[in-house]
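Student: Below: sequence and its predicted model.
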Amino acid sequence: MNFLGKILRVNTSQDQTRRENLMSSGKNSRRLCSLFATLALTQMPLLATRADTPTDAHVAVPQKAEAASSLTGTVRPDQKVVITYVDKESKASEHLVEYRATGEYVINIIKNNGNDSEQIGRGMRLVALAMAQDKGVQEKKDGNYDAAQRDFAFAVQEARELRSDNILAETLRSYGSVCRMLKEFEKSMSAYKEALAILEKSEGLQSVAAASTLDDTARVYDELSVPKEAEKLHKQALAIFEKLQGPNGPDVVICLYNLSDCYLHTDRFDESIAALTRALSILEKRGEGESIDYATTIDNLGGVYSDAQNYDEAEKTHRKALGLFLKNSGPDSIDTAICYQNLANVLVQEKKWLDAKDNYEKALKIESQIRGEDHPRVKALKAKVASLATRATTDSK
């Protein structure tokens, strides 16, 4: 399960669309361990589909131990099971959170626990928790932060009731991440600090999970414009990653990326460029010099050059990234659309109106197909294209 999806953040100083981490599905994604593996319930796959079919079986997560026994014999292995659970945070008692698993998965839980109704109920609740976590990850990846926050909050609530510290730490980190995206920094900081306290108690701070949480906490401080604390925690996390994974580890790359962002926010452009350059060097050493992660880092390096008003270097860097995205992601991917927009932003600064308009239009075509005409990003791109059309016409007279 990928904890980090590709999330976009706009750097308002130059309207630069940046990816907030190396977060593709490749080797450099920071991963939380699978909840399913952690729970060791079964290896049966879960299905993400939501569409009802005639073979669906609907079951409720038991609220009481004795209610769990009613599940036995009600589900066939070939069925898709819709698991519902009353949302305790909702004022409407009829509101249900709905997740889907395979019948074989549910039957396995029942078989493995015999007549122990309490354990069956616990198993079903763990399934609902894990599926909420996965759904939240996908919602966050798609930019649906409000929905992701609800899913992660549900997972945190269930982890507390199940009294599983390791799972609680994971869900708190997920919840903290989406709260940060929603600019709810107090909630984000609280979640990260609780997760860190759990991890410190259970395994100490010298672990990848603890270092990742330190790094994430630093990003909240960065957002809150507390650069000294942010830099201190980023460097603390980096030292742990280097100790555990070596100087070229995957989380070292991610932490360098975040440290670069921290420097950027205080206009320390040379240090920001140095951090990204080191990250690129690590990726090259690992044979990933043409990967999506490499292209993402180059694209964001272009963003730093742009913020430093070195537009010539920024344009060259974005064009290099664009070539890699076209090769690896294809002409119709969201990565390619982002890079077109970043390049267009620089071309605007260089007053290359027609070239900028052309790149915005390419981004608009892709974004419209993926996100739909009513998405805010699509509307913003349309406005930019219209504005540049007017500018180009005016300048040509």
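Tutor: Okay, I see it. Numbers count the residues shown, from 1 in each chain.
Student: tell me which element residue 244 is part of?
Tutor: Assigned by DSSP states H and E, residue 244 falls within helix 227-245.
Student: Which strands and helices lie in contact with the next helix or strand after that helix?
Tutor: Downstream of helix 227-245, the first helix or strand assigned by DSSP H and E is helix 250-264. When contacts are defined as 3 or more C-beta pairs under 8 Å, 6 or more residues apart in numbering; DSSP states H and E, helix 250-264 sits against helix 208-223, helix 227-245, helix 269-285, helix 292-307. Glycine gets a C-beta too; all of them are placed from N, C-alpha and C.
Student: give the contact list for the nearest residue to residue 347 once chain neighbours are set aside.
Tutor: If the residues on either side of it in the chain are set aside, residue 347 comes closest to residue 356, at 3.7 Å by C-beta to C-beta, 6 or more residues apart in numbering. The contact partners of residue 356, by C-beta atoms under 8 Å, 6 or more residues apart in numbering, come to 344, 345, 347, 348, 388.
Student: domain parsing for the protein?
Tutor: For the chain, automatic domain parsing gives the domain ranges 43-163, 164-266.
Student: any idea of the mean pLDDT for the shortest one?
Tutor: The pLDDT scores in domain 164-266 average 94.
Student: Residue 377 is in contact with residue 370, isn't it?
Tutor: No: applying C-beta atoms under 8 Å, one finds residue 377 not in contact with residue 370, separated by 9.6 Å.
Student: And residue 219, how close does it get to residue 288?
Tutor: Distance of residue 219 to residue 288, given as C-beta to C-beta, to the nearest Å: 24 Å.
Student: For those two, work out which one has more neighbours and name it.
Tutor: Set residue 219 next to residue 288 and count neighbours by other C-beta atoms under 10 Å: residue 219 wins out with 22 against 19.
Student: what's around the closest residue to the more buried one other than its chain neighbours, how many residues?
Tutor: Using C-beta to C-beta, 6+ apart and skipping the chain neighbours, the partner closest in space to residue 219 is residue 258 (6.0 Å). Per other C-beta under 10 Å, the neighbour tally for residue 258 reads 22.
Student: circling back: now what about the helix holding residue 244, what contacts it?
Tutor: The contact list for helix 227-245, computed with C-beta under 8 Å, 6+ apart, reads 205-208, 210-212, 214-215, 217-219, 221-222, 249, 251-252, 255-256, 258-259, 262-263, 265-266.
Student: Let's see that with 6 Å instead.
Tutor: With contact meaning C-beta atoms under 6 Å, 6 or more residues apart in numbering, helix 227-245 is reached by 208, 211, 214-215, 217-218, 221-222, 249, 251-252, 255, 258-259, 262, 266.
Student: Using PDB, list the CA coordinates for it.
Tutor: Output of helix 227-245 as PDB, limited to C-alpha atoms (Å, rounded to 0.1, in the frame of the first residue of the first chain):
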ATOM      1  CA  PRO A 227      12.000  27.400   9.400                       C
ATOM      2  CA  LYS A 228      14.600  26.700  12.100                       C
ATOM      3  CA  GLU A 229      12.500  23.900  13.700                       C
ATOM      4  CA  ALA A 230      11.600  22.500  10.300                       C
ATOM      5  CA  GLU A 231      15.300  22.400   9.200                       C
ATOM      6  CA  LYS A 232      16.300  20.800  12.500                       C
ATOM      7  CA  LEU A 233      13.800  18.000  12.200                       C
ATOM      8  CA  HIS A 234      14.500  17.400   8.500                       C
ATOM      9  CA  LYS A 235      18.200  17.100   9.300                       C
ATOM     10  CA  GLN A 236      17.400  14.800  12.200                       C
ATOM     11  CA  ALA A 237      15.300  12.600  10.000                       C
ATOM     12  CA  LEU A 238      18.000  12.600   7.200                       C
ATOM     13  CA  ALA A 239      20.700  11.400   9.700                       C
ATOM     14  CA  ILE A 240      18.500   8.500  10.800                       C
ATOM     15  CA  PHE A 241      17.700   7.500   7.200                       C
ATOM     16  CA  GLU A 242      21.400   7.700   6.300                       C
ATOM     17  CA  LYS A 243      22.300   5.500   9.300                       C
ATOM     18  CA  LEU A 244      19.600   2.900   8.500                       C
ATOM     19  CA  GLN A 245      19.700   2.900   4.700                       C
END
